[in-house]
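1. could you work out the structure for the sequence below:
(one chain, ligands or ions: 1)
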Amino acid sequence: MCGIVGILARDAAAPQLVDGLKRLEYRGYDSAGVATLEDGRIVRRRAEGKLRNLEASLVAHPLSGRTGIGHTRWATHGAPTEANAHPHAAGGVAVVHNGIIENYRELRAELEGAGAVFESQTDTEVVAHLVAQALAAGATPRLAVQQALKRLRGAFALAFVFEGEEDLLIGARRGSPLAIGHGEGEGYLGSDAVALAPFTDAVTYLEDGDCVALSRSGVEIFDEAGAPVSRDAVRSAVASVVVDKGAYRHFMAKEIAEQPEVVGHSLVRYVDMTTGRIRLPAGSDFDFSGLDRLAISACGTAYYAGLVARYWFEKFARLPVDIDIASEFRYREPPLTPGGLALMISQSGETADTLATLRFCAAQGMKIGAVVNVPTSTIARAADVVFPTVAGVEVGVASTKAFTCQLSVLAALAIKAGRDRGVLSENDEAKLVSALIELPRLMAESLHLEDQIEKLAPTFAKAQDVLYLGRGTSYPIALEGALKLKEISYIHAEGYAAGELKHGPIALVDENVPVVVLAPYDALFEKTASNMQEVAARGGKIVLITDQEGARHAGETFATIVVPKAYAFVSPLIYAVPIQLIAYHTAVFMGTDVDQPRNLAKSVTVE
Ligand code: F6R
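-> As a prediction, this is how the structure comes out:
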């Protein structure tokens, strides 16, 4: 979940390292650091907190070496202090690391027993000491790394520089991604192609277990057994333009506002606008007709997209769905049918739990489908069939546009499944597709609610707890609303199925608790409205999100937010907008770090 970059540059490496790290800060921002070779010696600059602190340290104490590694950290082992910031160094080697070394305690005890002195609480530092030990015993840098790798358990990517080795970078990966960037008389390593985009678009993705030795004249790659291997270089399509906030105060605000456009872009890939039929993108064709069950797995917001999709696949395609969060899915050891489809949903395509579930399902003979936003990601590359979302780069740590793009793609897939399985007629398909086509316009109308929602921010900001209620496909949106609010405002929030409240959580309700009720005027409205009355009777402050008709039938509320009327099927996408705006404006009102909330990271590459 950290970001790593390594550079063999023509001039000073440090500015380029920082440039690469800027693009990796989404992976963590607890600390940052670089190490370069200054006249053959390893010199480090490290700083607690965001990258700008490291930049300030480099201005005060510049580095001129042409060979270096850099890191941006999401703390796992040890507090986010300067001492725990990477790179870690010992005996002529410095290392940056993404992932977790599971057996670091035993290794540390062993190394300390042999006289090694540790200066951090990290798991990473054992790697530096293991390599240093092998170097001291006479191994070459590459062999020293390969020997150390054999001792490590866990999932990780690593990049190393060595004292006196101006023309050498070594990288290795197991479980976590690592890419090589090729340049004329230069060489790069990075956690992903995005980090390498300012320098090169010629990229090689290392395979699991690979170790690479880079010099300015070429690369040598070795597989897990140590045998030389060749891996193809590809052209990365990742644009080198730095994504900026435009006129917006935060990336999250910009990304919320972009939704009508990017949902439109995603839909165009799945819907033939002229015929009004579903048409999967070239290379993503899949026939759902022979399936007995569909397994869906994902984490966080992406999991909530999967929960909505379960309603759609079961209703429109009569396809039973097994769904679980990825960190639990494989531990349940669910019986899976070889030949069945397992669908992973992930914005980043790098989430460790989702990737582990993918591998678990593949090992059971399942075909793997992936709804991903980053087409070059590990999950996309490991899947049999990729269903791309076209959200563009999502920078805000709290996912918004990626979520609604996932929903739009999943909606299209559910319709396709319904047709393949003979459950939906051509006429049904046409009706559902026309609802999808209206989405960008309706989402744009929902954005007009922003001023009204902003006025509610002080009410939410005062609350210690906020509840979100929904029924049917509004239930996962209630879960998502609560997640968004707690992520960026740090207010405790929970989402409940509206009917479940009376079975316990209603005990929390009093006049200090805002209760956001998501209730489109559909077949479930009456029941949700009764649950709402139960809350109102206990003094709860009802913030109702509904459509015109729902507002007419709702009775008294603290506030009613009226979204455009939509076909019930697509309401999750419409209702996603106001719940995002509630979280955003509450956080802005409270003055939290909206785009990079505390303790979080954009890409979660540890289990
Ligand atoms: C919440 C959020 C996270 C992610 C989750 C999965 O706003 O962004 O819950 O949805 O970490 O990430 P991806 O989709 O990259 O697999």
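
2. in the top helix by length along the chain, what counts as buried?
-> Counting by DSSP state H, the longest helix found in the chain is helix 426-447. Buried positions in helix 426-447, judged by neighbour count with 16 or more other C-beta atoms under 10 Å: 429, 432-433, 435-437, 439-440, 442-446. Yep, even glycine has a C-beta here, placed from its N, CA and C like the rest.

3. nearest to V390, of those?
-> Nearest to V390 among those is P440, at 12.4 Å by C-beta to C-beta.

4. how much space between the closest one and the ligand?
-> 22 Å (C-beta to the nearest ligand atom, to the nearest Å).

5. check which element follows the longest helix of the chain along the chain.
-> Per DSSP states H and E, the first helix or strand lying C-terminal to helix 426-447 is helix 450-462.

6. which elements pack onto that following helix?
-> Counting contacts by 3 or more C-beta pairs under 8 Å, 6 or more residues apart in numbering; DSSP states H and E, helix 450-462 is packed against helix 474-489, strand 541-546, strand 559-562, helix 571-590.

7. rebuild the buried residues of helix 426-447 as a markdown table, extending it with pLDDT.
-> Converted to a markdown table, those look like this (pLDDT from 0 to 100):
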| residue | pLDDT |
| --- | --- |
| E429 | 97 |
| L432 | 96 |
| V433 | 94 |
| A435 | 93 |
| L436 | 93 |
| I437 | 89 |
| L439 | 92 |
| P440 | 90 |
| L442 | 92 |
| M443 | 92 |
| A444 | 87 |
| E445 | 91 |
| S446 | 94 |
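
8. okay, buried residues for stretch 119-136 please.
-> 120, 122-135.

9. ah, wrong one, I meant stretch 149-160
-> L149, R151, L152, G154, A155, F156, A157, L158, A159, F160.

10. and the least confident of those residues?
-> When these are sorted by pLDDT, the bottom entry is A155 at 76.

11. from I101, how far off is that one?
-> 9 Å (C-beta to C-beta, to the nearest Å).

12. same thing with I256?
-> Distance of I256 to I101, given as C-beta to C-beta: 38 Å.

13. residues near the residue in the chain positioned nearest to the ligand, how many?
-> In the chain, the residue that lies nearest the ligand is G300 (1.8 Å; C-beta to the nearest ligand atom). By other C-beta atoms under 10 Å, 23 other residues sit near G300.

14. shouldn't it be in contact with S399?
-> Yes - using C-beta atoms under 8 Å, G300 makes contact with S399 at a distance of 7.3 Å.

15. picking that back up, which ones are touching the residue of the chain closest to the ligand?
-> S399, L483 (C-beta atoms under 8 Å, 6 or more residues apart in numbering).

16. give me the phi and psi angles of it.
-> For G300, the backbone dihedrals (degrees, to the nearest 10) come out as phi 60, psi -130.

17. and what of E494?
-> Dihedral angles for E494 - degrees, to the nearest 10 - are phi -140, psi 140.

18. just send the helices and strands packed on helix 450-462 back as TSV, with mean neighbour count too.
-> Formatted as TSV, the helices and strands packed on helix 450-462 follow (neighbours: other C-beta atoms under 10 Å):
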stretch	mean neighbour count
helix 474-489	26
strand 541-546	25
strand 559-562	18
helix 571-590	26
